[in-house]
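[1] structure for the following, please:
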Amino acid sequence: MKKLIAGVLLSACIATTAYAGGKHSDDRKGPDFFPIHKMTKVLDLTDEQQDALKALKAELKAERKANRPEKGSEDSFRAQFKALDPSDANYEQDLNELANLKAEKAKARFLKMADVRVKVSEILTDEQLEKFESMKEKRGKRGDHKGNRGDKRERNS
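    Predicted coordinates:
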């Protein structure tokens, strides 16, 4: 009898763990800047707005995919950094060039993010924008574990 109960409990634990590690119920994984299905409910988006956001999302995804270097390729900053030889006479110069390239890429990402923000503000109404900003703040608080660690430690002390 004890073996039967232990087996049932073990099966339940395994099943629960397998279910918890699976995909979300709506087949999404990870954070998403445009959770359109959620935005539709919360912001009462019109069909035109939904179509415009979906098109913007597809455009951004295609751009990211086109600009992303292949893993392990020599185009990635990590590969270029590993290829640098600290004993080389031009090490500092090469390192500075690589740092400048990385800074330019970060600047381009920042400017792209600002451009996306403008495009979203053109699609949504002022009221919807306010709700969207509050949605982003809530997601940030919930998903930002790195920034909240200190706060948790202070509360638990």
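[2] quick one, longest helix in the chain?
    The residue-count maximum for a helix in the chain (DSSP state H) belongs to helix 91-123.
[3] mind listing what's buried in the helix or strand just after that helix?
    Toward the C-terminus, helix 91-123 is succeeded by helix 126-143 as the next helix or strand (DSSP states H and E). For helix 126-143, the neighbour count (16 or more other CB atoms under 10 Å) marks 128, 132 as buried. C-beta here means a position set from N, CA and C on the backbone, and glycine is covered the same way.
[4] could you number the chain from 25 rather than 1 from now on?
    Done: numbering now begins at 25, and the last item shifts to helix 150-167.
[5] and helix 150-167, C-alpha only, in CSV?
    Once non-C-alpha atoms are left out, helix 150-167 reads as follows in CSV (Å, rounded to 0.1, in the frame of the first residue of the first chain):
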residue,chain,number,x,y,z
ASP,A,150,-3.8,58.7,-26.4
GLU,A,151,-5.9,56.7,-23.9
GLN,A,152,-4.6,53.4,-25.2
LEU,A,153,-1.0,54.7,-25.0
GLU,A,154,-1.5,55.5,-21.3
LYS,A,155,-2.9,52.0,-20.7
PHE,A,156,0.0,50.5,-22.7
GLU,A,157,2.6,52.4,-20.7
SER,A,158,1.0,51.1,-17.4
MET,A,159,1.1,47.6,-18.9
LYS,A,160,4.8,47.9,-19.6
GLU,A,161,5.5,49.2,-16.1
LYS,A,162,3.7,46.2,-14.6
ARG,A,163,5.5,43.8,-16.9
GLY,A,164,8.8,45.5,-16.0
LYS,A,165,8.2,45.1,-12.2
ARG,A,166,7.1,41.5,-12.6
GLY,A,167,9.9,40.5,-15.0
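[6] packing partners for it?
    Counting contacts by 3 or more CB pairs under 8 Å, 6 or more residues apart in numbering; DSSP states H and E, helix 150-167 packs against helix 60-67, helix 115-147.
[7] most tightly surrounded among the ones you listed?
    Mean neighbour count (mean count of other CB atoms under 10 Å) peaks for helix 60-67 among the helices and strands packed on helix 150-167, with a mean of 15.
[8] packing partners for it?
    helix 71-91, helix 150-167.
[9] so what's residue 130 scoring on pLDDT?
    Here, the pLDDT recorded for residue 130 equals 92.
[10] and it, how far from residue 76?
    28 Å (CB to CB, to the nearest Å).
[11] low-confidence stretches in the chain?
    Within the chain, the segments meeting pLDDT under 70 span 28, 30-37, 39-58, 93-99, 163-181.
[12] fine, thanks again, bye for now.
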